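J.: how would this look folded up:
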Amino acid sequence: MSIVFNPNQLATWQQAKDLAAQIDSFRQATGVNMGGGVVPVTTDPEPNDAANNEYWLRFRFANGRSGVNVGLILDKIRRYGGNTLYVFYSINSNDLS
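T.: Okay, the predicted model is just below:
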């Protein structure tokens, strides 16, 4: 059985850690409460691209909110020309479409 997924949902652990640090810096600089800090987590190693060290990772916020996919955040940052301000406000408003 093959799992069909969007490859943009994958990220490396380092990308997740770096993005968590960016989100935390944004939170501290702007005062926008995005859950008081984030950590990359996964409970399911599938889907993945282990050959490229990429996994289906999501963030858990300190306020308990979880399920925000790391790869999709990175994809949105790329699609918006690196505009993290816009993307982080989107995360805060639960709009990652």
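J.: could you give the mean pLDDT of the longest helix along the chain?
T.: In the chain, taking DSSP state H as the definition, the longest helix is helix 13-30. For helix 13-30, the mean per-residue pLDDT is 88.
J.: Other residues contacting that helix?
T.: 11, 32-34, 36-40, 53, 55, 57, 59, 70, 73-74, 84-85, 88, 91 (C-beta atoms under 8 Å, 6 or more residues apart in numbering). Heads up, the C-betas are built off the backbone N, CA and C, glycines and all.
J.: buried subset of the residues you listed?
T.: Buried members of the contacts of helix 13-30, counted by 16 or more other C-beta atoms under 10 Å: 11, 34, 38, 40, 55, 57, 59, 70, 73-74, 84, 88, 91.
J.: From the residues you listed, which land in strands?
T.: If you go by DSSP state E, the buried ones among the contacts of helix 13-30 have 11, 38, 40, 55, 59 in strands.
J.: can you redo those as a markdown table with distance to residue 25?
T.: Output for those, formatted as a markdown table (distance: C-beta to C-beta, whole Å):
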| residue | distance to residue 25 |
| --- | --- |
| 11 | 18 |
| 38 | 11 |
| 40 | 16 |
| 55 | 24 |
| 59 | 15 |
